[in-house]
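Student: here is a sequence with its predicted model. Questions after.
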Amino acid sequence: MNRRAGIGFYVFLVVFVFLVMFPFIWVFLTSIKAPGEIFSSFKWFTSNPSLESYEAALTNRPLLRYMLNSFVVSALTTVLALVFASLTSYALTRLPIKGKGLILGLVLAASMFPQIAIISPMFNLITDLGLRNSYLGLVIPYITISLPLAIWILSTFFQKIPFELEESAKLDGASPFQTFRKIIFPLAAPGVFTTGILVFIAAWNEYLFALTINSDDLWRTVPVGISMYQSQYSIPWGDISAATVIVTIPIVILVLLFQRRIVSGLTSGSVKE
C-alpha cells in the first residue's frame, strides 16, 4: 500500500511539474520552429529545428539593450529597497516606537494600491524632474511599489530574532545602529536575500511604468521591448518566443544558483525554538 502511495505521489508530482512548465516548454518548442511552420502546423516537435527566430530576435530589435536596462533598473531598485526596508523594519520591530501596528498596517495598505491609480501623478512627477527615458526615472516608481512589500516581509524576519541578543549588545555599549549592523542584519540575512530576489523579479517583470515613462527605444526594459516586436500587419511569434526564452534564462539561472538561500529565507523562523 505504501509503495502504491509512493508511486502515485511521484506520478502526481510529474504531472504537476509538467503543467507548471507547460507554457515555457511550448514557448521553447515554438522558438525553434521555422517561422513558416508555426502557423502551418500545430505539432509539438518540428522535424527541422531552426535558430532563425533567435537570430531575428537579437537583430531586429535591441534585445540585449533591453536586458541591460532591465538589469540595471532591477538591481538599483533591489539595493535601495533593501537598504531602506531593512532600516525601517528594524525600527518598527526592535525599537520602542508607539503605533507600530498602525504604521505596518499603513505600509501594507500602500502596497495594495493598483499601479494604474498612481501612474498619472507619478508620470507628472518624473516629467517635472526631467527623468523620463532614464534609469532613475523607473527606479523611483519601482521603489514606491517594492518598498512597502519589502518592509512588511522583512518585519516578519526581524521579529523572529531573540530580543536577548539585542539586550546583550546594549549592555556592551552598542548603539542601535551598531546592533542592527553587527547582530540583527547578519542573522536576518536569509530573509533579506529572499526579499531581494522577490523585489528583483518584480522589477524585472514590471510593464506599466516602463511603458509609460521610458518611451525611447534605447531605454525600454525587457517586457516593453518584447511587446514592440509586433508590426502593423503581423505578429512574429517566432521572434517573440525566442526573445522570451532568452530573457527568462538569466532569472532561471539566478534562482537555481541561489535556491538554497531562497528556501532558507522562506523557511527562516517558521520553527519555534
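Tutor: Good, I have the coordinates. Residues are numbered from 1 along each chain as shown.
Student: flag every buried residue along the host helix or strand of F177.
Tutor: Using DSSP states H and E, F177 maps to helix 176-179. Within helix 176-179, the residues that count as buried by 16 or more other C-beta atoms under 10 Å are T179. From N, CA and C alone the C-beta is placed, and that goes for glycine too.
Student: same question, stretch 22-34
Tutor: Those would be 27, 30-34, for stretch 22-34 by 16+ other C-beta under 10 Å.
Student: ok, I38 - contacts?
Tutor: 30, 237-238 (C-beta atoms under 8 Å, 6 or more residues apart in numbering).
Student: let's see 6 Å
Tutor: 237-238 (C-beta atoms under 6 Å, 6 or more residues apart in numbering).
Student: helix, strand, or coil at it?
Tutor: Classification of I38 by DSSP: H, G, I helix; E, B strand; the rest coil places it in helix.
Student: ok, now how distant is it from V27?
Tutor: 11 Å (C-beta to C-beta, to the nearest Å).
Student: check W44 too.
Tutor: 12 Å.
Student: residue ranges with poor pLDDT in the stretch 1-150 of the chain?
Tutor: Along the stretch 1-150 of the chain, the parts satisfying pLDDT under 70 run over 1-6, 40-41.
Student: rerun at 80
Tutor: Low-confidence segments of the stretch 1-150 of the chain (pLDDT under 80): 1-10, 34-50, 94-105, 107-113.
Student: now do the helices in it.
Tutor: 2-31, 35-40, 52-59, 63-94, 100-111, 115-128, 135-159 (DSSP state H, counting those that start in this stretch).
Student: off-centre distance for the fifth one?
Tutor: Its chain's C-alpha centre lies 22 Å from the corresponding centre of helix 100-111 when counted by C-alpha atoms, centre = their mean, to the nearest Å.
Student: who does that helix touch, helix- and strand-wise?
Tutor: Counting contacts by 3 or more C-beta pairs under 6 Å, 6 or more residues apart in numbering; DSSP states H and E, helix 100-111 is packed against helix 135-159.
Student: can you check the first one too?
Tutor: For helix 2-31, the helices and strands in contact under the criterion 3+ C-beta pairs under 6 Å, 6+ apart are helix 237-257.
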